[in-house]
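Engineer: Fold the following, please.
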Amino acid sequence: MESKPQVEMWQRFRMSSYIDLNRANWDDRASAHAASPDYAFERFIAEPDYLSEVVRFDIPLLGDVRGLLGVHLQCHIGTDTISLARLGAVMTGLDFSGASVAEARRLSTSAGNPMEFVESNVYDALQALPAAGYDLVYTGVGALCWLPDVHRWAQVVSGLLRQGGRLFIREGHPAMWSLDEGRRDELVVDYPYFERPEPLIDEDDGTYVATDTAFTQNTTHSWNHGLGEIVTALLDSGMQGTGLVEHDSVPWEALPGHMERDEVGEWRLRDRPWRLACSYTLQATKV
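Structural biologist: Residues are numbered from 1 along each chain as shown. Okay, the predicted model is just below:
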């Protein structure tokens, strides 16, 4: 039987291993994402009121954020962070990929929205950012799947928020994440819905935006988290749920061969889209 120090050593090694692999993957893709028309850097620079498609979708539920001090966790190259700033929030972005943070800083300066971008693993955010320092924590689509422990994430969110502060997250739905995106003939549940200790290990030399770049860092570790697990983690961390809306669409072609794109850039099932929740918006307030 392993001793406690041995177990703790293995856990630290495992944590470091998945973070290093995932960071290398995102570092490798940051410049290609910034150059892709899908992230619209040129429009952000040319049009001072331009907003990302993701944030435009969020506005009806997000509401008025003018004057709020906000932090965007796992902000990637900053387009959603800048969009929130253009809506009037005073934003800080945080991401573990140094290459992504560099692109976010470059864009924010070029687009006339200079702001702070911090390089940090989200689990270390309370060491990199002021505790109880924010009115708003925002997390966008495709973030939670890179974290092995949703309870630890919820504790970070609660720790960053002032009393009465709000979490806003739109994320891919765990029901959609459990489907095999490689099956083009039918929808097949093949991956865990609930959080599991073991990661899903993937080898993919592509990415989700239009680019001709050849990538070399292609191994990732990811995890799913059930909707109940996410809500419970927030409740256990001193948060009170204030809203949960499930959507039949998601901002990228998550299930190739099964989806079609609408006029605002969202993707949903081509055949009877009401069968599947593809994303959700969850809001909670720190008690």
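
Engineer: Ramachandran coordinates for the closest residue to residue 216 other than its chain neighbours?
Structural biologist: Nearest non-adjacent residue to residue 216, counting by C-beta to C-beta, 6 or more residues apart in numbering: residue 28, 6.3 Å away. C-betas here are computed from N, CA, C, even on glycine. Torsion angles at residue 28 (phi, psi; degrees, to the nearest 10) stand at phi -70, psi -30.

Engineer: From what I see, residue 28 and residue 219 are in contact.
Structural biologist: No. When contacts are counted by C-beta atoms under 8 Å, residue 28 is not listed as touching residue 219 (10.7 Å).

Engineer: The residue nearest to residue 216: what's it in contact with?
Structural biologist: Contacts for residue 28 (C-beta atoms under 8 Å, 6 or more residues apart in numbering) come out as 99, 215, 216, 217.

Engineer: Residue 248 too?
Structural biologist: 268, 269, 273, 274, 276, 277, 278.

Engineer: And it, how close does it get to residue 282?
Structural biologist: According to C-beta to C-beta, to the nearest Å, residue 248 stands 16 Å off from residue 282.

Engineer: can you give me the helices for the stretch 101-250 of the chain?
Structural biologist: Along the stretch 101-250 of the chain, counting by DSSP state H, counting those that start in this stretch, helices occupy 125-128, 150-160, 174-177, 227-236.

Engineer: Could I get the contacts of residue 248 in TSV, plus columns for neighbour count, pLDDT and distance to residue 59?
Structural biologist: Output for those, formatted as TSV (neighbours: other C-beta atoms under 10 Å; pLDDT from 0 to 100; distance: C-beta to C-beta, whole Å):
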residue	neighbour count	pLDDT	distance to residue 59
268	20	98	19
269	18	98	24
273	17	97	22
274	8	97	24
276	21	98	24
277	19	98	20
278	25	98	19
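
Engineer: Which of these fall within strands?
Structural biologist: 268, 269 (DSSP state E).

Engineer: out of the contacts of residue 248, who's nearest residue 103?
Structural biologist: residue 278 (27.1 Å; C-beta to C-beta).

Engineer: and the closest residue to that closest one other than its chain neighbours, what is it in contact with?
Structural biologist: Take residue 278 and drop its neighbours on the chain: the residue closest to it by C-beta to C-beta, 6+ apart is residue 250, 4.1 Å away. By C-beta under 8 Å, 6+ apart, residue 250 lies in contact with 141, 172, 173, 176, 266, 267, 268, 278, 279.

Engineer: Let's see that with 7 Å instead.
Structural biologist: 141, 172, 176, 266, 267, 278, 279 (C-beta atoms under 7 Å, 6 or more residues apart in numbering).

Engineer: cool, and residue 276?
Structural biologist: 175, 176, 248, 269.

Engineer: If we use 8 Å, what do you get?
Structural biologist: 173, 175, 176, 179, 187, 248, 269.

Engineer: now residue 273
Structural biologist: Residue 273 touches 248, 249, counting by C-beta under 8 Å, 6+ apart.

Engineer: Could you list the low-confidence segments of this protein?
Structural biologist: 1-16 (pLDDT under 70).
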